[in-house]
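> Sequence and predicted model, in that order:
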Amino acid sequence: MPNERILVVDDEEDILELVRYNLVKEGYRVSGALTGEEALRKARSEKFDLIVLDLMLPGIDGLEVTKKIKAHEKARHTPIVMLSAKGEEADIVAGLELGADDYITKPFSPRVLIARVRTALRRKAGKAEDDTAVVQIHELEIHPGRRSVAAKGTPVDLTYTEFQVLYILARRPGWVFTRGQIVDAVRGDDYPVTDRSVDVQIVGLRKKLGPYGKYIETVRGVGYRFRENP
């Protein structure tokens, strides 16, 4: 059974209790906060393994909470899974750009909630990953040292940027990346590129990967992710 500590932040008590109930049932130790101010106090004074954070909070909203947590020396590495109402695509993108790890839209399935929390905690546990390690997923073998890709043993010829995009997505399956995050990871903050350029790279990648291109999923209004399951 897991024993990680999770902070749940939501101004709607029924939703907070629903999230708390499902997490406790899975063995997690859960604390709650009804406001952004309370969440910041707890995040700065206590140690949590993960934060489930609602975006629409009175006073200090979820985006500001995320920004302040990521600026705090002791709390900055705590994974954040955002809760958002449908239609808040701009806020979701902003939250991911600020450093949140994932998001769940309301209304949500408790099973999806638990799966996303587990995935975020696994990512935290494996944070010190080896950038030279070969990624093997869905019959794709991605070798960062050789900068080579093979699909079921057949080499796939990719450009430098296509390889970088694929590697960024595939090494963290299930993780949603905004276009801005992809640009920053591929070229750095100063590279002048548009969202449309990322879309073009994705189109090229899908075409070259053939049947394996279906694993690169578009998350409408947010960005892209590599599917975890076949």
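Great, that's in hand.

> residues of the worst-scoring helix or strand of the chain on mean pLDDT that come out buried?
Within the chain, no helix or strand scores below helix 179-187, which has a mean of 80 by mean pLDDT, DSSP states H and E. Using 16 or more other C-beta atoms under 10 Å as the test for burial, helix 179-187 gives 179-184, 186. Placement of C-beta: from N, CA and C, glycine included.

> Which single one of the residues you listed is nearest to Ile137?
Ile182 (17.8 Å; C-beta to C-beta).

> Contact partners for that closest one?
165, 168-169, 198, 223-224 (C-beta atoms under 8 Å, 6 or more residues apart in numbering).

> For Ile136, give the beta-bridge partners.
For residue 136 the amino acid is Gln, not Ile. Glu141 (DSSP bridges).

> who's in contact with the residue nearest to Gln201 when sequence neighbours are not counted?
Among residues not flanking Gln201 along the chain, Val165 sits closest, at 5.1 Å (C-beta to C-beta, 6 or more residues apart in numbering). For Val165, the contact set (C-beta under 8 Å, 6+ apart) comprises 182, 186, 198, 201-202, 205.

> and whichever strand or helix holds Val165, how far from the chain's centre?
Per DSSP states H and E, Val165 falls inside helix 160-170. Relative to its chain's centre, helix 160-170 lies at 16 Å (C-alpha atoms, centre = their mean, to the nearest Å).

> re earlier: what's the angle between the helix or strand following the least confident helix or strand of the chain and helix 179-187?
Later in the chain than helix 179-187, the nearest helix or strand by DSSP H and E is helix 195-209. For helix 195-209 against helix 179-187, the angle by axes from the mean of the first three to the mean of the last three C-alpha atoms, to 10 degrees is 70 degrees.

> Summarise which helices and strands helix 195-209 is packed against.
helix 160-170, helix 179-187, strand 216-219 (3 or more C-beta pairs under 8 Å, 6 or more residues apart in numbering; DSSP states H and E).

> in stretch 90-99, what's buried?
91-99.

> Looking at the residues you listed, which one is closest to Val24?
For the buried residues of stretch 90-99, the nearest to Val24 is Gly95 (25.2 Å; C-beta to C-beta).

> mind listing the helices for this protein?
For the chain, the helices defined by DSSP state H occupy 13-25, 36-45, 62-70, 89-98, 110-125, 160-170, 179-187, 195-209.

> By mean pLDDT, show me the worst of those helices.
Confidence, taken as mean pLDDT, is least for helix 179-187 of the helices of the chain (a mean of 80).

> Great, nothing more from me.
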